[in-house]
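Chemist: Build me a model:
(3 chains)
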Amino acid sequence: MIINEELVKEAVKKHGSSRAALIPVLQELVAGKNYLSDLDMVEVAREMNLSAADVYGTATFYSFLDTRPRGKYVIRVCKTISCSMKGKNAILATIEETLKIKLGETTADRKFSLLETNCIGWCHKAPAILINDEPYTELTPKKVTEVLREYIKQ
Amino acid sequence: MVKLSINGLLVEVPEGTTILDAAKKLNFRIPVLCHHDDLCVAGNCRVCVVEQLGGKALLAACATPVAEGMQILTNSLKVRTARKHVIELLLSEHNADCTKCYKNGNCELQDLSNEFSVGDHILLDLIKHKDYTIDRFSPSIQKDDSKCIRCQRCVRTCEQLQGVNALCVAFKGAEQKISTFYNHSMAEVICTNCGQCINRCPTGALVERTYLDEVWDAILDPEKHVVVQTAPAVRVGLGEDLGLVPGERVTGKMVAALKRLGFDAVLDTDFTADLTIMEEGTELLTRLKKALVDKDKNVALPMTTSCSPGWVKFIEHTFPEFLPNVSTCKSPQQMFGALAKTYYAQTRELDPKKIVTVSIMPCTAKKYEADRPEMRSSGFKDVDYVITTRELARMVRQAGIDFTLLKEDKFDKLMGKSTGAGVIFGATGGVMEAALRTAYEIITGREVPFENLNIMPVRGFEGIRQASVKIEGCLEDWKFLEGVELKCAVAHGLSNARELMQAVKDGKINVHFIEIMACPGGCLGGGGQPIPTNQEIREKRAAAIYSEDMNLPLRKSHENPEVQLLYREFLGEPLGHKSHELLHTHYKERERF
Amino acid sequence: MSKIPVQRVDLIFEKITCKEIFEKVLQSKPEEIIQSVIDSGLKGRGGAGFPTGLKWQFAAREKGADKYIVCNADEGEPGTFKDREILDEVPEKVFCGMAIASLAIGAKIGYIYLRGEYKFLVPKLENKLAEFQQLMQDLGHDFRIELRLGSGAYICGEESALFESIEGRRGEPRNKPPYPTKSGLFHKPTCINNVETLVYTVMIQKYGAMHFRELGTKDSRGSKVFSVSGDTPTAGIYELELGMSVREFVDVFGDGDTKAVQVGGAAGFCVPRKRFDETIIGFEGVPTGGSMKLFNSSRSMYNVLHNYLDFFAEESCGQCTPCRVGCQQLLKGIEAVKKGEKSHKYLDELVKLAATMKIAAKCGLGQSVGNAFSSIVENFKEEIIY
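Modeler: Coordinates of the predicted model:
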């Protein structure tokens, strides 16, 4: 809990405590662990003199400011039309099989979470996924297995 | 000025006027759901769309300012089709089980569906796809998401009018909903229970927790002696829910109705309002004496009032550092409850176990207040059930009483007598005015120097008001106040309260006494008052309160003969031992988030 | 039939020295800069197509020193990916465009709102931005650019939603009027332009308004960067002269079996084969932010529509009724028709509902859902039903 407070204080110090700094502050916290806890939001509200409900309402608007616990690596599989046309389902199935989790779940070791997302802007190189901020494109089941293997090793 | 035509009729309005208001001027009503006179423009629900000749998209009448030469149609085929679609869309997301709904008959969405005959509505029912919940944990407010149409009036009320921000809009798209922090129960968050959201909710998504069954059970139980108290603002609002126009005083009819409903004693919260003045006035003078004479640095000034339970919970959450400044007096409702089960029981030779105290309040926060664990100083729950003005109107209807034809009746004796000072508690500035009427006279032996005792500077609807009274010619005991300019401030609506307390905190406002009412206009604009509410209605209720005051023979709390009797026979003196035990309380710091 | 064949252009990605151009622009009066953009006929390249020069002129006329330039890099429209490439390849040209706009309207601060999905670009952009700030300082122009990231919300591409997001709120579009040039970011006069538009303003300064104006047609001057994807052997990013017909486009990019082209992304229009010849890609025909998605006869248009509607039902900001509930109704509605729970006549009701969404939704994006829906349903009814 102490660590949580310090992280928030640091983020607020870096971005300021004006309302316009709210999203950068939340982004900073999410970058650390891929989600916002209720304690994070309470601390942000305290530091920025906002109501916790306001912080929560703002965060939940943005898909990437996730308020559910996620793993160290969040895999976002693009489900929009091009990726869907070019074999997104096979990619998803391969990831599910490799990590032994279903869509929406997190591995027991809290290393991977598997989500779908809307268009990530790689339609010409579909299918594509994001692992945290990193895009992987023109995937095949084989290629995605190799990508995952690298992450599993880490 | 801007000239435009609406449905072919010309109208001229000031620049910046919305199409909605311009149409109103021509007597064209454009339906609204997200728009509310008390709130900022949203333009969300789209039910107010109108057509501009030559324009491609329709315009939201509530959000679009007029422009020179505009030609607007409010009822064209395009408009009617779109409007009906919007209503049908809202209904498809809404639990439209109207006959079972608490707001049946007083629902803006229901009215609109009726107006646009959407009986043959064919869109798919989306309700079954949604994970709706009903939050019944708060003693004051019930939130039912299945009836919510996402107009966000409640969120704007909570944020802008009240500065509380307990409610927010969360998620987006199909998942979007009105939520609290992490969707916790209203009982667990910073909600002050003020109920202003209820007053503005167009549907049954936000309603008061009702205790009508419990009250009827008590009344119909021959073993129980049911005492009812009525708050000052109820008598200027109740008529609106029973066929009368806003601003009618219905004190006598209300008493008659309560007697017909079968309450064993019909008494008055105004009585304990007068008592509050005696206690709170004395408390203020004591604090002033400690500060001015004893030079006690620890005495907390300015002192603030404590009658408004919404305000009390707000300050516990928001400005805990000011808790010592809040008067320790219980609110008139709770003083009444504590006395009903002690003094009243004793005098009337009743077993307090068999007494049930019911209060009729313009307020939803009073339900929470009555449930506070501190409020059991009689040895019992001091106030058993709190029902709102709206709930009382419902009881009257349930009992088949034609309110408009009732003959006026009088409150019962013993805790039924009040003065005009007690009555004006119902309006913002009223507690301040009542306190000044009494305090000035105690200090100087003379009436407060305002014409007809009407202290106009503390009246009105300005969000924050300040006034001062110079004290001259003090009686012997109060010489230390000679020449002191007694300064006071008044705020109503919690966003004004926040602003005022922040100014006090920053040293920008320096006063001795502060009155704060959580609701706009004070209790007369309370969260338990008849719906709808707007500034015009609140002004009419305020006028009724002040005329009630003017019409009473006694207008100063200390002249209330029953209060004098109470001190003689039971309490001894203000701030005495017994008072301390029964009439005063304490507060606790609550989580700010 | 269009007279302009599919013509490759190389303006956007041409490597240039921004310093030279900006030095030249610094010698011009704001009115001259604005006039050149007006003369070029450049219209916004994000999709809405508002004349850029006029937008600058409106913002320039507003009083006060607090004005903002905002670069809309929240490229979220499905099938659009050209801004990512531009920011990756020629970021300094984007900054330069913002600096030119700042001279034109008198702004000291600019924001780039980059979608969160492109966060991987941030280190590179920050480096380039530091170089650019140095250049501004060297040239004595008081203009600073801040980089802000989105966090996964399509609607923030709508200009007023984007402002709300920068201001730290939910990205919900505002009521209009007032328009951004009067009251935009932080409720100050704001000029908001798409990434590509800003780069074109640089090239207009370099080659002159006429050079740009000579390309394209009367209603659609100049060239445009297209994001080509779907059933095409040559998916990718192409800068093409405006004014070609869909037929000409398909002849070059199709796989020989193209049955429909979705122009302008999920919020755009579906052009079926029978209309390829008569449909011009440009403001006189189908306007586009550059997304060109080709579908061949193996694709079910039901799946395409379902995918789009699912997207909108999730990405609607949710504040206005026609968009929030309408998207859900359209989505569930076509599912019900497909399953036979509703008769095919129900599609007609949905088309009427979509027509209401087009005129009653609060923002441009909400309104555009109706276009996409009716253009697919009207042309591929049998695929939706059976």
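
Chemist: Alongside chain A, which residues does the stretch 201-350 of chain C contribute?
Modeler: Contacts of the stretch 201-350 of chain C with chain A, taken as Cβ under 8 Å from any Cβ of the partner chain, map to C:227-231, C:235-237, C:266, C:291, C:293, C:299, C:303-304, C:307-308, C:311, C:314-315, C:317. Every residue, glycine included, has its C-beta placed from N, CA and C.

Chemist: Which pLDDT value belongs to the residue of chain C found nearest chain B?
Modeler: Of all residues in chain C, residue C:318 sits closest to chain B, at 2.9 Å by Cβ to the nearest Cβ. Note for residue C:318: predicted pLDDT of 97.

Chemist: neighbours around it, how many?
Modeler: 27 (other Cβ atoms under 10 Å in any protein chain shown).

Chemist: Tell me the secondary structure at it.
Modeler: Assigned with DSSP: H, G, I helix; E, B strand; the rest coil, residue C:318 falls in the coil class.

Chemist: Give me the average confidence score over stretch B:39-49.
Modeler: In this model, stretch B:39-49 has an average pLDDT of 97.

Chemist: buried residues in that stretch?
Modeler: B:39, B:41, B:42, B:43, B:44, B:45, B:46, B:47, B:48, B:49 (16 or more other Cβ atoms under 10 Å in any protein chain shown).

Chemist: hmm, that stretch touching chain C?
Modeler: Yes: judged by Cβ under 8 Å from any Cβ, stretch B:39-49 and chain C are in contact via B:41, B:42, B:43, B:44, B:45, B:46, B:47, B:49.

Chemist: From these, pick the one nearest residue C:38.
Modeler: residue B:43 (31.9 Å; Cβ to Cβ).

Chemist: And for residue B:587, the neighbour number?
Modeler: If you count neighbours by other Cβ under 10 Å, residue B:587 ends up with 18.

Chemist: Skipping its backbone neighbours, what lies nearest it in space?
Modeler: Among residues not flanking residue B:587 along the chain, residue B:323 sits closest, at 4.8 Å (Cβ to Cβ, 6 or more residues apart in numbering or on different chains).

Chemist: With residue C:184 instead?
Modeler: residue C:190 (2.6 Å).

Chemist: hey, what's the one you found bridged with?
Modeler: Counting by DSSP bridges, residue C:190 forms beta bridges with residue C:68.

Chemist: which ones are touching it?
Modeler: Residues near residue C:190 by Cβ atoms under 8 Å, 6 or more residues apart in numbering or on different chains: C:59, C:67, C:68, C:69, C:70, C:163, C:180, C:181, C:183, C:184.

Chemist: Ramachandran angles for the second one?
Modeler: What that stands for is residue C:67. According to degrees, to the nearest 10, the main-chain angles of residue C:67 amount to phi -130, psi 160.

Chemist: Isn't it up against residue C:107?
Modeler: Yes: assessed by Cβ atoms under 8 Å, residue C:67 is found in contact with residue C:107 at 4.1 Å.

Chemist: Quickly list what's touching both of those two.
Modeler: C:59, C:191.

Chemist: hmm, who's touching the longest strand along chain C?
Modeler: Assignment by DSSP state E gives strand C:223-230 as the longest strand of chain C. Residues outside strand C:223-230 that contact it (Cβ under 8 Å, 6+ apart): A:81-82, A:85, A:123-124, A:126, C:7, C:9, C:11-12, C:45, C:79-82, C:85-86, C:196, C:212, C:215-216, C:234-242, C:253, C:262, C:288, C:290-295.

Chemist: and if you look at stretch C:282-291?
Modeler: Counting by Cβ under 8 Å, 6+ apart, A:123, C:43, C:45-49, C:77-80, C:82, C:194, C:196, C:216-220, C:224-227, C:229, C:242-243, C:245-246, C:262-265, C:268-269, C:271, C:279-281 sit against stretch C:282-291.
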